[in-house]
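Colleague: Here you go, sequence then predicted model.
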Amino acid sequence: MAEKKSKKSSTITITKTKKKTGALVSDHGRAYIAATFNNTMITITNSKGDTIAWGSSGSSGFKGTRKSTPYAATIAVESAVKKAVGKGLKTVDVYIKGPGSGRDSALRAIKTGGLSISLISDITPIPHNGPRPKKKRRI
């Protein structure tokens, strides 16, 4: 019997990742602010809804309870607005969601960052009927 020696050839395939092309930026866009009790997140999009810039209190370097402060929201929004203004954005419609403490300071940061606000809308979800109440207590 003849012995067969087979070499396993390890082939390495290299795939080039295509860099994502930037979203088209006009002078008008939208800013979505999600202000929770623990964090404040902002997403700035163009008029079609493609993300231009984003930021959050956590990504700005705050941890723990400091993330939920209005100051952390201001820093997060200012960094996102700076990126968006650098790409050519001038005016935004602002949509705010949530009960967090960073709501008002986020609006002020958008204004001081160089963007003009054309609309402010509160899109916090409110239940129309809510959950079923607990049954009556029997003693």
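Modeller: Thanks, I have it.

Colleague: and the helix ranked longest in the chain, which residues are buried?
Modeller: Using DSSP state H to define each element, the chain has its longest helix at helix 70-86. By neighbour count on 16 or more other Cβ atoms under 10 Å, the buried set for helix 70-86 is 70, 72-81, 83-85. Any C-beta I mention is one placed from the backbone N, CA and C, and that applies to glycine too.

Colleague: and if you look at stretch 32-48?
Modeller: Neighbour counts over stretch 32-48 (16+ other Cβ under 10 Å) mark 32-36, 39-46 as buried.

Colleague: quick one on the thing from earlier: just name the closest of the buried residues of helix 70-86 to I14, please.
Modeller: Comparing these against I14 with Cβ to Cβ places K83 closest, at 31.7 Å.

Colleague: among the buried residues of stretch 32-48, which are in strands?
Modeller: 32-35, 40-46 (DSSP state E).
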